[in-house]
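A.B. asks: Task: produce atomic coordinates for the following.
(chains A and B)
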Amino acid sequence: MRTALERRHHENTATVTDPRRSFDIVLRVREFGIIAVLVVFVAVTYGIQHRFLSGQNITFILFDTTIFAFLALGEAMVVIARCVDLSVGSVLGLSAYLCGRLFSVVHGIPIPVVFLVGLLIGLGCGVVNGLIVAVGRVPSLVVTLASLYIIRGIDGLVVGGGVVVASSMPSSFITMGKATIFHVPYVTIVVAILIALGAYYLRSYRSGRELYAIGSNPEAARLVGIRTGWRVFNAFAVSGAIAGVCGVLWASYFGTVDSTAGTGYELQVIAAVVVGGVAIFGGSGTVIGAALGALLLETINTALYVLGISSFWDSAIAGVLLLVAISLDHTITLHVTAARRKRGNRLVT
Amino acid sequence: MTRLTSERTVRGRRIGTIQIAGTRVAANGSGRRIGGHVQEGSGVFAVQHHSDGAAPPVLSVEHAQKTFGAVRALVDVSIDLFAGEVHGLVGENGAGKSTLVKILAGVYRPDAGRLLIDGEEITLRSPSAARNAGIAVIYQEPTLFPDLTVAENVFMGRQPLRSARRIDSASMDGQVRAVLDRLGVRLDPGRITRGLSIADQQIVEIAKALTLDAKVIVMDEPTAALSAVEVGRLFQVVETLRQNGAAILFISHRLDEMFELCQRVTVMRDGLWVLTSPVDALGTDDLVRAMVGRELVTRETAASAKLGAPILSVERLTREGVFLDVTFEVRAGEVVALAGLVGAGRSEVARAIFGIDRYDAGRVTVEGRVLPKASPAAAMEAGIGFVPEDRRQDGLVMSESIERNVALASLRTLRRWGFLRRRSERALATEWARRLQIRYGRLSDPVSNLSGGNQQKVVLAKWLSRNPKILIVDEPTRGIDVATKQEVHRQLLSLASEGVAVLMISSELPEVLHVAGRILVMREGRLVAELAHAEATEHAIIAIATGANEGASR
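C.D. replies: Numbers count the residues shown, from 1 in each chain, chains lettered A, B, ... in the order given. Below you'll find the predicted structure:
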């Protein structure tokens, strides 16, 4: 009879002596989960087709992942703040084309300058998105859905029927993306460092934590004096800037840019972010998780290709993963709430 | 004109000479004599205080006004807060207290009037400006970040920093742990706040204010969700803060708390300042009269109700780790109260009966028929209505209109050919708004516009319109003013007299004693005592609920 109460009592003391841990595990479980699924997928695919882990293939997967993971960094910041940025694919496309064209317009333009231009193009788009969301108080879903079409439209107007081809860009730019060390592209290493910095920023800086606070309870965030509009604006600006830089990477990697570059990327990026454990309604998740989500989706994509399975399965599997991720979120939340409720009865002793 | 002068001490501290002169409470008052002094030509009357003239008020609000659209939330309110003093603020819902709080918090800016801190005029442009000015606010509704830890919630926006402006989480956790210890609460600073009970959420809010080391602490109904023990602990903390020189503005609907905790009290009504007076110069009746502006109808008692057959019976209901072996029945025409500390499992039992939560063993029968587990639809079908504890979260669709909310539980009876008819929704809502005297602008206004008491009436209307046989009400008067509270009590009693079985959960003992014909006391998940109306006293209930009668250690 007494046992239930005693156990509850025991749990109570346990949480007191053992603070942080339960919380951390809940957060990390997702990242472990993704890594586990990833390992299983790689192992199975490798078992069937050894070619899957060839150096060339690894490079291929990593480079594709790099663009998605980088986009996911910006997108995760936006989603954590309970917004969404649907315009990243269009921004990437516009930036890719304009920066590709830049080489033939300004001969001998240094590559870093091109990156800077890409960044500024993206930043401009992000700033507009952010202003309308933060100042105009229009839901970001609507704003960025509009800018998705508007930017793609501008892209179409600028590009017309034109195409930027690899031969119009300097070869140093084209080979830049392909330079590797131990089959790992340099670009991947740079982006990985940026993601790690982003993760550290979101964890350890006030402004980073404030993004979580805004996503968790916007009204409460205002009441504790957080400048919510300013923070959200910044998240959009960063997301835009990253999409702009990704456009330059895209041009370098694919070499051919037309007006459809990056079409549909926004949804793939959001899928990666959610599979990676960022709650779609904000407040929780990490950018490392989001990057791992991107890696997982890309790996599956490649694995199916290598195994000769129709690429239609790719979309289906991505969808299933998304559902699993979201229901997992839901279950964990319910579970945590229930556990808290059971333990919540603080006993007066 | 009467004039009286007296020397008095409050809690060992000499407040000074108090002059009470003048005859009327307020310009639009009932003409009752309580005391008051004509203030320089403003047309309102005040009690002079602190005539020792030493310290100026830490914070004064002078003639603050605030209008929202057509609603005049604050018409003319002045208040002075002094260091080392707990200043009570009472008033009915809609009197403008929360607006005043938000002005002090820097959320709203007054349309007119001045705000002075240490005698200097200041404009609070934002919540952080208020914080920097040394004002901490504990809101009525906890405003936490469910995804973040307790420590992060306490320090959000002002986390302690180490090198390179990084957050020093170790120091953050340490400080929060220290504050929680001071509050005597065992709560892990590293736990996320999702799933915390309302009482614990309130504790986090209080911890937030305490870590600010504020000069002025505004507490907007901090005790509304707390149990008696927790209230006691909070009072100790408030008393310590007061002794350390903080000025505290304490808002509560529980008038006994005013007398227990405060040195002075201010009454507001309809956005107007009514009176400010030392607390010992007033009686409960004076306060109530000043708040309501009229005499309250004498209290009805529950004892006389005629009882019918048992309608709801609960047998050996058990939910692992939550409640154990709970057995009781409620008869037609009876109001049964479930008393106990917050966290004793009362709400959980109610939720299980109504089918929101599962239970592991036992059964619930309504008029002899066993109710299926975990099915609110079946519970409703069987004639149970459930007014939940958290009306904003669980009881209402806040953004929807009054009429939609009232009609929500009766959709089946309102539809014709599968379509809902707006006319019947409105007819239903009009009928119940009239019966429960809901104060509203238009029935199509969102319920979020209503004051707390009127929101609660909408929840009641929603269930009453179904003609329930059994009504379960969880903290039916939490955050509701005295007059509305009495209306709700009257409503519960009249329901019972119509033969409805009412199961009420309440942490307010006067309410329990007043309304309930029978009182069940829960402790640590078990039903430990049953008291008849005649034998129940506050003391007895507290003793049983805390286990004090069994010599349990505290």
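
A.B. asks: okay, which residue is most central for chain A?
C.D. replies: residue A:72 (1.3 Å; C-alpha atoms, centre = their mean).

A.B. asks: List the contacts of that one.
C.D. replies: Contact analysis of residue A:72 by C-beta atoms under 8 Å, 6 or more residues apart in numbering or on different chains lists A:269, A:272, A:273, A:276, A:287, A:290, A:291, A:293, A:294. In short, each C-beta sits where N, CA and C put it, glycine included.

A.B. asks: Among those residues, which pair sits farthest apart?
C.D. replies: Farthest pair in the contacts of residue A:72 (C-beta to C-beta) is A:269 and A:287. Separation: 12.2 Å.

A.B. asks: Give me the more crowded residue out of these two.
C.D. replies: Comparing residue A:269 with residue A:287 by other C-beta atoms under 10 Å in any protein chain shown, the one with more neighbours is residue A:269, at 34 against 29.

A.B. asks: Same list (the contacts of residue A:72) but as CSV, adding secondary structure.
C.D. replies: Output for those, formatted as CSV (DSSP: H, G, I helix; E, B strand; the rest coil):
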residue, secondary structure
A:269, helix
A:272, helix
A:273, helix
A:276, coil
A:287, helix
A:290, helix
A:291, helix
A:293, helix
A:294, helix
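
A.B. asks: Low-confidence stretches in chain A?
C.D. replies: A:1-29, A:329-330, A:332-349 (pLDDT under 70).

A.B. asks: picking up where we left off before, what helix or strand is the residue nearest to the centre of chain A on?
C.D. replies: Residue A:72 belongs to helix A:55-80 when assigned by DSSP states H and E.

A.B. asks: Might one say that residue A:271 is in contact with residue A:296?
C.D. replies: No: with contacts counted by C-beta atoms under 8 Å, residue A:271 stays clear of residue A:296, the gap being 10.1 Å.

A.B. asks: any shared contact partners between those two?
C.D. replies: By C-beta under 8 Å, 6+ apart, the residues touching both residue A:271 and residue A:296 are residue A:321.

A.B. asks: ok, now how distant is whichever residue of the stretch 401-550 of chain B sits closest to chain A from residue B:122?
C.D. replies: Nearest residue of the stretch 401-550 of chain B to chain A, counting by C-beta to the nearest C-beta: residue B:524, 5.6 Å away. Distance of residue B:524 to residue B:122, given as C-beta to C-beta, to the nearest Å: 49 Å.

A.B. asks: Quick check on those two: which one has the bigger neighbour count.
C.D. replies: Of the pair residue B:524 and residue B:122, residue B:524 is the one with more neighbours under other C-beta under 10 Å, namely 23 against 15.

A.B. asks: right, and the more buried one touches residue B:326 too?
C.D. replies: No: counting by C-beta under 8 Å, residue B:524 does not reach residue B:326; the two are 11.9 Å apart.

A.B. asks: what residues do the two have in common as contacts?
C.D. replies: By C-beta under 8 Å, 6+ apart, the residues touching both residue B:524 and residue B:326 are residue B:345.

A.B. asks: Could you list the low-pLDDT ranges of the stretch 201-350 of chain B?
C.D. replies: B:292-305.

A.B. asks: Can you report how many residues lie near the residue in it that chain A sits nearest to?
C.D. replies: Among the residues of the stretch 201-350 of chain B, residue B:343 lies closest to chain A, at 3.9 Å counting by C-beta to the nearest C-beta. Residues within reach of residue B:343, counting by other C-beta under 10 Å, total 21.

A.B. asks: can you confirm it is in a strand?
C.D. replies: No: according to three-state DSSP, residue B:343 belongs to no strand; its state is coil.
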